[in-house]
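# Take this sequence and fold it.
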Amino acid sequence: APAAGGFGAPIQQTAGTASTPFTTTNKNDGSNTIVLQSITGMAQYEQKSFEELRLEDYAAGNKGTKGQAAPAAPAAGGFGGFGAAPQPAPAFGQPAAAPAGGLFGS
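Numbering: from 1, shown residues only. Below you'll find the predicted structure:
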């Protein structure tokens, strides 16, 4: 018997998103043109959810690293010092410096 997916629908064997590169999609919304920046807005994938596309990619061995740059590291500093470089410990016998700033590190 042929394999069936959810609710008895036949399972579609596809290669996921590797065959068609992502592009934004322009759609008319009345008198306005909107730009969809979702892979499920593309004509090739509009009948599938992003979860289905991810499952197909995983089944094809594409874990999202093909041809993509690694995400950039967050910048140091930021709100309240989160992500800031740790301060060096005081020398033995020296008092620790008082923290500068207020409650939120500013």
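
# so how many other residues sit close to T17?
By other Cβ atoms under 10 Å, the residues close to T17 number 22. C-betas here are computed from N, CA, C, even on glycine.

# so what's K27 bridging to?
I34 (DSSP bridges).

# how about low-confidence regions in the chain?
Applying pLDDT under 70 to the chain picks out residues 1-15, 65-87, 90, 96-106.

# repeat that with 80
For the chain, the stretches with pLDDT under 80 are 1-15, 64-106.

# what about the strands in this protein?
For the chain, applying DSSP state E gives strands covering 25-29, 32-36.

# can you redo those strands as TSV with mean neighbour count and distance to E46?
As requested, these are exported to TSV (neighbours: other Cβ atoms under 10 Å; distance: least, Cβ to Cβ, whole Å):
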stretch	mean neighbour count	distance to E46
strand 25-29	10	9
strand 32-36	10	10
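
# Between those strands, which one is closest to N62.
strand 25-29 (21.2 Å; Cβ to Cβ).

# What lies in contact with the closest one?
Identification of contacts with strand 25-29 by Cβ atoms under 8 Å, 6 or more residues apart in numbering yields T33, I34, V35, L36, S38, G41, M42, A43.

# Name the member of these with the shortest distance to F50.
Nearest to F50 out of these is S38 (Cβ to Cβ; 7.4 Å).

# could you pull out the helices for the chain?
Assigned by DSSP state H, the helices in the chain fall at 50-59.
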